[in-house]
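> Any chance you could fold what I've pasted below:
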Amino acid sequence: MIVDFHVHVYEKPWHPWVMEYLKKMNPSFDFEMSKENLLKILDDAGVNYAVILAEDAPAVTGVVTNEFVAKFCEGEERLIPFASLNPKTSTVEDLEKAYELGCRGLKLLPSYMFFYPNDGEIYKFYEKAAELKMPVMFHTGTSVFKNVRQKYADPIYLDDVATDFPDLKIILAHSGRGMWYEKAFMLARIHENVYLEISGLPPKRLLYYFPRIEEVEDKVIFGSDFPGANIKENIRIIRSLPIGRRVKEKILGVNAAKILGLKNK
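Down below sits the predicted model:
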């Protein structure tokens with residue numbers, strides 16, 4: 001089974017600097033964003049399930065509403081909607097509403113939303129997510145986009161969150177990309193509830209970033225960051241890495257399936 005834990009869709013194109021970057025990173029995609037088009041791409045790549053992400057980051061990338069993502073995934077079991085909200089401007093009731101819409105997880109982008117993940121004012125959202133059994137994905141690591149505040153993306157702040165909310169599943173999107181790979185790896189090793197998600201990393205460099213990846217084989221999750229990456233090619237490269245076959249299976253789908261409670265298709 002293959003699960004892509006990091007797929008973006010949009011109702012209208014993101015800011016111009018984002019679209020230019022995505023087209024540079026994935027020139028094979030025509031950027032026609034429809035459910036039918038995405039399902040064809042997933043089929044061609046052999047992907048069984050995909051996590052579809054909302055995004056509430058108007059200052060950096062743009063806004064993809066929870067309502068749109070929930071509607072986009074409606075009627076398609078293999079598409080799993082994750083909500084997004086800015087904890088500085090949203091309420092716990094907004095998270096509850098997203099859950100009622102069918103969203104099964106939450107994505108937060110501290111460096112796009114300008115907050116420290118261990119700010120006590122944010123804890124009410126983690127409490128509610130844990131109660132609803134919604135995994136929380138955090139954008140960690142550097143980004144090239146305009147207006148990003150890199151300091152908020154240091155994964156070390158999630159050490160507090162993982163300790164204070166041991167029942168909350170915490171996904172480190174991009175695994176501390178750039179400056180913080182070692183911190184991300186350390187958190188996944190010492191916290192039972194922390195997972196590395198490898199979207200946005202060139203898969204051929206994965207063992208360079210994480211030479212001891214087999215030590216955390218149950219804590220690594222595949223994500224493509226589509227449309228900023230070619231899903232099929234990323235999967236092909238991961239399958240070619242010089243690590244055990246079972247480790248590859250865990251990364252490509254088994255670990256994600258456990259987090260999301262998925263059955264093999």
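> Can you give the distance of the lowest-mean-pLDDT helix or strand in the chain from its chain's centre?
In the chain, the helix or strand scored least confidently by mean pLDDT, DSSP states H and E is helix 16-25, which has a mean of 87. On the basis of C-alpha atoms, centre = their mean, to the nearest Å, helix 16-25 sits 19 Å off its chain's mean C-alpha point.
> swap in stretch 8-17?
Per C-alpha atoms, centre = their mean, the displacement of stretch 8-17 from the mean C-alpha position of its chain is 17 Å.
> Now it: buried residues?
By neighbour count with 16 or more other C-beta atoms under 10 Å, stretch 8-17 contains the buried residues 8-10, 14-15. (C-beta placed from N, C-alpha, C; glycine too.)
> Lowest-confidence entry in those?
When the buried residues of stretch 8-17 are compared on pLDDT, residue 14 comes out lowest, with 82.
> If I follow the layout properly, that residue ends up in contact with residue 59?
No: here residue 14 lies out of contact with residue 59, judged by C-beta atoms under 8 Å, at a distance of 11.9 Å.
> that older thread, got the CA coordinates for the least confident helix or strand of the chain in CSV?
C-alpha atoms of helix 16-25 as CSV (Å, rounded to 0.1, in the frame of the first residue of the first chain):
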residue,chain,number,x,y,z
PRO,A,16,2.3,34.2,-8.3
TRP,A,17,5.6,33.5,-6.6
VAL,A,18,4.2,30.1,-5.4
MET,A,19,2.9,29.1,-8.8
GLU,A,20,6.2,30.0,-10.5
TYR,A,21,8.1,27.9,-8.0
LEU,A,22,5.8,24.9,-8.4
LYS,A,23,6.0,25.0,-12.2
LYS,A,24,9.8,25.0,-11.9
MET,A,25,9.8,22.1,-9.5
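> Contacts made by that helix with the rest, please.
13-14, 29, 31, 61-62, 144-146, 227-229 (C-beta atoms under 8 Å, 6 or more residues apart in numbering).
> Closest one of those residues to residue 115?
Closest approach between the contacts of helix 16-25 and residue 115, by C-beta to C-beta: residue 61, at 16.1 Å.
> who are the neighbours in contact with residue 263?
Neighbouring residues of residue 263 by C-beta under 8 Å, 6+ apart: residue 257.
> Check the secondary structure at it for me.
coil (DSSP: H, G, I helix; E, B strand; the rest coil).
> ok, how many other residues are close to the closest residue in space to residue 103 that isn't next to it in sequence?
Sequence neighbours aside, residue 83 is the residue nearest to residue 103 in space, at 3.9 Å (criterion: C-beta to C-beta, 6 or more residues apart in numbering). When neighbours are counted by other C-beta atoms under 10 Å, residue 83 registers 30.
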